[in-house]
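> predicted structure and sequence below. I'll ask about it afterward.
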Amino acid sequence: MSRITLDELDHQIIERLGKDARVSNREIGREFGLTEGTIRSRLKRLLDNKVIRVAAITNTKRLVNPILAYLWIEADTAGHIEGLASTLAKLPEITFVATMLGRADVLAMTLVENGNQLTEFLHQTIDKIDGVRRVRYSLGQNFIKHDFRWCALVEENGERLVAEDMD
Amino acid sequence: MADGSETERKAGGRANGRDEDADFTLDRIDEKIIATLRQSGRIANRDLARIVEVNEATVRTRLRRLEESNTVRVVAMRDFNAMGFDALSAVGVQVKGRTAADVGADLAKLDAVVTVSVAIGTYDLEIQVIARDLSDLDRILTHEIAHVPGVERLFPGLALKVLKYNPEWSPL
């Protein structure tokens, strides 16, 4: 895996944008005593190399009764795991998918607002995916911590991010 | 599902309210702004205005309302691999002698613990842990988390390959 080296300034920019990423390059430059161009090229490098992505996070308080459903999926055979994981990753309702060592073959997560919604999703969507043998689930109800600053930038399944940047 | 349309269900509030009350109802313009910013958080206001088909001043006003009401935040999310973290673990936690919420609050203080939820299911808590490598993960699980009072047993699974990790919702 190719990785770019990050220096102190990169980390400062990432940290700054972790709080509010609608700030202009000019403003960040002013705060750090650097030119707008420096910030712009650093930021472009971070975005192009998929070190960070900048995106909107919506507050879960906007949902009636948010429940984070952990779906622990067992595949029919070991040969089904990869295909079923990539099918899951394409579903917009699913925010996390990983193949696993231990606990299950695949872990997928989705946010629902009630048990009926989850049941319907399991029956209408998950059970119909080829290679799904069994799904166990746990429901996370009280989000004590959710550090939204972390993500994974996965090329093959993620939608291509728009490259344009504001001034 | 949580795909951006559910917010319309929320009753009360005003469709076009100018106050910064968190209860205001999101309309289609807000929804379109949020959807666009989920794809590209650094898009310039003028381009956002073009996509949403409103003028730039409206975009500015709407954005301010979304941010000030703490409905939406546009932030930089860091790829955990690119930041040098190679191990991501999903850990079920069994708790004894303390409430799951109390133990969870202590676990939440650890930087390596990125999510903590009180769970209904086999375990009392579900947490996600990031680590630089397996020995770092061992250190965090065995020497940090295992010693948090009330933690009785840990049931870790290790992500072999992360195909998607794209948070769109979070408590803010």
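All right, it came through fine. Numbering: from 1, shown residues only, chains lettered A, B, ... in the order given.

> name the nearest residue to the most far-flung residue of chain B relative to its centre, sequence neighbours excluded.
Distance from the centre of chain B peaks at B:Asn55, with 30.3 Å (C-alpha atoms, centre = their mean). Spatially, and ignoring its direct neighbours in sequence, B:Asn55 is nearest to B:Ala49 (5.8 Å; C-beta to C-beta, 6 or more residues apart in numbering or on different chains). In short, each C-beta sits where N, CA and C put it, glycine included.

> how close does the one you found get to B:Thr58?
Applying C-beta to C-beta, to the nearest Å, the value for B:Ala49 to B:Thr58 is 7 Å.

> which neighbours do these two share?
The contact sets of B:Ala49 and B:Thr58 do not overlap (C-beta atoms under 8 Å, 6 or more residues apart in numbering or on different chains).

> check which helix or strand covers the nearest residue to B:Phe155 once chain neighbours are set aside.
Counting by C-beta to C-beta, 6+ apart, B:Phe155 lies nearest to B:Gly92, which is 3.8 Å off, once chain neighbours are set aside. Secondary structure assignment for B:Gly92, by DSSP states H and E: strand B:87-95.

> pull the distance from that strand to the chain's centre.
Strand B:87-95 sits 17 Å away from the centroid of its parent chain (C-alpha atoms, centre = their mean, to the nearest Å).

> just checking, next helix/strand downstream of that strand?
Sequence order places helix B:100-108 as the next helix or strand after strand B:87-95, per DSSP H and E.

> what's that following helix packed up against?
strand A:132-146, strand B:87-95, strand B:113-120, strand B:125-131 (3 or more C-beta pairs under 8 Å, 6 or more residues apart in numbering or on different chains; DSSP states H and E).

> now render the ones you listed as TSV, adding distance to A:Gly18 and mean pLDDT.
Output for the helices and strands packed on helix B:100-108, formatted as TSV (distance: least, C-beta to C-beta, whole Å; pLDDT from 0 to 100):
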stretch	distance to A:Gly18	mean pLDDT
strand A:132-146	14	89
strand B:87-95	19	97
strand B:113-120	13	93
strand B:125-131	15	96
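
> so the residue farthest from the centre of chain B sits against B:Leu48, correct?
No - using C-beta atoms under 8 Å, B:Asn55 is not in contact with B:Leu48; the gap is 10.8 Å.

> what domains does the record give for the chain?
Picking chain A for this. Chain A breaks down into these domains under automatic domain parsing: A:8-48, A:60-140.

> let me rephrase: I mean chain B.
Chain B breaks down into these domains under automatic domain parsing: B:6-68, B:87-158.

> ranking the ones you listed by burial, who's on top?
Ranked by mean neighbour count, these are led by domain B:87-158 with a mean of 18 (mean count of other C-beta atoms under 10 Å in any protein chain shown).

> how far off centre is it?
Remark: domain B:87-158 is offset 17 Å from the chain centroid, using C-alpha atoms, centre = their mean.

> let me see the ranges of the helices in chain A.
For chain A, the helices defined by DSSP state H occupy A:8-19, A:25-32, A:36-48, A:81-90, A:115-121.

> swap that for chain B, sorry
So, for chain B - with DSSP H - the helices run B:28-39, B:45-52, B:56-68, B:100-108, B:134-138.

> any idea of the angle the first one forms with helix B:56-68?
Orientation note: helix B:28-39 sits at an angle of 70 degrees relative to helix B:56-68 (axes from the mean of the first three to the mean of the last three C-alpha atoms, to 10 degrees).

> do helix B:28-39 and chain A meet at all?
Yes - Helix B:28-39 is in contact with chain A by C-beta under 8 Å from any C-beta of the partner chain, via B:Ile34, B:Leu37, B:Arg38, B:Gln39.

> can you pull the poorly scored residue ranges out of chain A?
Across chain A, the ranges flagged by pLDDT under 70 are A:1-2, A:155-167.

> what sits against the residue of it positioned farthest from its centre?
Most distant residue from the mean C-alpha position of chain A: A:Gly33, 32.3 Å away (C-alpha atoms, centre = their mean). If you count contacts by C-beta under 8 Å, 6+ apart, A:Gly33 has none.

> noted, bye for now.
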